[in-house]
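> got a predicted structure plus its sequence, pasted below:
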Amino acid sequence: MSTTLKLFSGNEFLGGRHVAFVIRTEACKLLTDNPKSMVFLDFDGVRGVSHSFSDELLSPLSDLLGPDVSKHVVIVNCDDTVKKDLQSVARLHDLNQPTFEPPKELCFC
């Protein structure tokens, strides 16, 4: 089973622990209820994240899944700036990182 959680809700910048708490709580519940499931965190439309948002999103997922976080959490449609910010926080706090898929390519065929 897989579920996609869309993070963009009209605000291009995601900041603060309270914003990440809601998203992370939903992701953790899905993963706890269905241990073999995958959660896709869709950052389409998001252009920036704060350190506190990144930490609140990634730390509990790393704690819950350990090294298996990359098998169950996939970040999609994430631009390079947001990806670097998330990876920086993960390295700083020595967290297991989710998988990052490259952003979708536009085709003008």
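Yep, that arrived.
> so which helix or strand takes in Asp55?
helix 51-65 (DSSP states H and E).
> CA atoms of the helix or strand just after that helix as CSV?
Moving toward the C-terminus from helix 51-65, the next helix or strand (DSSP H and E) is helix 69-72. Provided in CSV are the C-alpha atoms of helix 69-72 (Å, rounded to 0.1, in the frame of the first residue of the first chain):
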residue,chain,number,x,y,z
VAL,A,69,13.2,4.9,6.4
SER,A,70,14.5,5.0,2.9
LYS,A,71,12.4,1.9,2.1
HIS,A,72,9.2,3.4,3.4
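> buried residues of helix 69-72, list them for me.
Val69, His72 (16 or more other Cβ atoms under 10 Å). All C-beta spots, glycine's among them, are computed from the backbone N, C-alpha and C.
> contacts for that helix?
Helix 69-72 is contacted from outside by Leu31, Ser37, Met38, Val39, Leu61, Ser62, Leu65, Asn96, Gln97, Pro98, Thr99, using Cβ atoms under 8 Å, 6 or more residues apart in numbering.
> which parts of the chain are strands?
In the chain, the strands defined using DSSP state E lie at 2-6, 13-14, 38-42, 48-49, 73-76, 99-100.
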